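Undergrad: for reference, the sequence and a predicted model appear below.
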Amino acid sequence: MSSNESNPFADEEVNPFANPGSVPPATSKLSPLPPEPYDRGATIDIPLDSTKDLKAKEKELQAKEADLKRREHELKRKEDAIARAGIVIEEKNWPPFFPIIHHDIANEIPIHLQKMQYVAFTTLLGLVVCLFWNIVAVTIAWIKGEGPTIWFLGIIYFISGVPGAYVLWYRPLYRAMRTDSALKFGWFFLCYMVHIGFCVFAAVAPPIIFKGKSLTGILPAIDVLGDNALVGIFYFIGFGFFCLESLVSIWVIQQVYMYFRGSGKAVEMRREAARGTMMAAL
């Protein structure tokens, strides 16, 4: 094959704008496109925080961590100091719908003392019932013409008697049972005897000291029964409540005293009282 002959496999340059009947021009080879430059070692420019910003953030985190550790150490030191001082942080958990006091006999009172504590708590609730019913009875008596004085006295008995009973004798007994403190037992006995005396007095309700018909005792019940049977019935029910409260309270103080004597706390309390008297004299 001569050099003048055309290569049948060679690409022909065709003018798309040429007339269809025209003769194609002489063929020529197409030159390949130059390859695009590609650098495999090139890095992509993504904006990142500078080294200085990273170090600043690291220092800030370290400062926060050190401050948090310092606060934890300070809190632990305070908790240890409170524990050494014998101070117990009591969380209010009773009644469940509106917690106003701390009360957890099942977890804080020894098993052999829980029955006494529950019965003592029953006498606290019983006093609440007695004084509340006393308000109901004197309210009806006021409506029936006995005057507003007995109603105001009934309110005073309730708002002073219920918190006073909790603070003066129930809480000392609870803490005495929990910590086995002889002095707290002594305070409980003193205040609980006053409680029993008030319940017995209210069950009789003589017309002395207090306004006669401001307490639902047996004497006011007999007095008002002749004037109004309904008021008399309410007073007799109140008399029954105070009698029951007195009997249960007497059982509680007997049981606590038996435990107090049997555990040797009486001797310890006398020893502490004598030591306190000697220190006061010195």
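TA: Great, that's in hand. Residues are numbered from 1 along each chain as shown.
Undergrad: show me what counts as buried in the strand or helix carrying residue 183.
TA: Element membership of residue 183, judged by DSSP states H and E, is helix 182-204. Neighbour-count burial for helix 182-204 flags 182, 184-189, 191-192, 195-196, 198-203 (criterion: 16 or more other C-beta atoms under 10 Å). Yep, even glycine has a C-beta here, placed from its N, CA and C like the rest.
Undergrad: what's the answer for stretch 242-262, then?
TA: Using 16+ other C-beta under 10 Å as the test for burial, stretch 242-262 gives 242-246, 248-249, 252-253, 256, 260.
Undergrad: now the residues you listed as a markdown table including secondary structure and pLDDT?
TA: Listed next are those as a markdown table, based on DSSP: H, G, I helix; E, B strand; the rest coil; pLDDT from 0 to 100:
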| residue | secondary structure | pLDDT |
| --- | --- | --- |
| 242 | helix | 98 |
| 243 | helix | 98 |
| 244 | helix | 98 |
| 245 | helix | 97 |
| 246 | helix | 97 |
| 248 | helix | 97 |
| 249 | helix | 97 |
| 252 | helix | 97 |
| 253 | helix | 97 |
| 256 | helix | 95 |
| 260 | helix | 90 |
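Undergrad: output the below-cut-off pLDDT ranges for the protein.
TA: 1-50, 82-88, 210-212, 264-282 (pLDDT under 70).
Undergrad: same thing but at 80, please
TA: For the chain, the stretches flagged by pLDDT under 80 are 1-55, 78-90, 209-212, 263-282.
Undergrad: could you pull out the helices for it?
TA: In the chain, the helices defined using DSSP state H lie at 51-85, 105-108, 114-141, 149-165, 171-179, 182-204, 218-225, 229-262, 265-281.
Undergrad: please point out which parts of the shortest one sit buried.
TA: Of the residues in helix 105-108, those scored as buried under the neighbour-count criterion (16+ other C-beta under 10 Å) are 105, 108.
Undergrad: and if you look at the fifth one?
TA: Using 16+ other C-beta under 10 Å as the test for burial, helix 171-179 gives 171-178.
Undergrad: list the contacts for the closest residue to residue 103 other than its chain neighbours?
TA: Spatially, and ignoring its direct neighbours in sequence, residue 103 is nearest to residue 94 (3.9 Å; C-beta to C-beta, 6 or more residues apart in numbering). Contacts for residue 94 (C-beta atoms under 8 Å, 6 or more residues apart in numbering) come out as 100-103.
Undergrad: filter these to the buried ones?
TA: For those, buried by 16+ other C-beta under 10 Å: residue 103.
Undergrad: got a markdown table for the contacts of residue 94, with distance to residue 228 too?
TA: Output for those, formatted as a markdown table (distance: C-beta to C-beta, whole Å):
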| residue | distance to residue 228 |
| --- | --- |
| 100 | 37 |
| 101 | 38 |
| 102 | 44 |
| 103 | 40 |
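Undergrad: out of the contacts of residue 94, the closest to residue 52 would be?
TA: residue 102 (54.8 Å; C-beta to C-beta).
Undergrad: for the closest residue to that closest one other than its chain neighbours, what are phi and psi?
TA: Leaving aside its chain neighbours, residue 102 sits nearest to residue 90 (3.6 Å; criterion: C-beta to C-beta, 6+ apart). Main-chain torsions, residue 90, degrees, to the nearest 10: phi -100, psi 120.
Undergrad: ok, residue 90 - how many residues close by?
TA: Using other C-beta atoms under 10 Å, the number of residues around residue 90 comes to 14.
Undergrad: how far away is it from residue 175?
TA: Distance, residue 90 to residue 175, using C-beta to C-beta, to the nearest Å: 10 Å.
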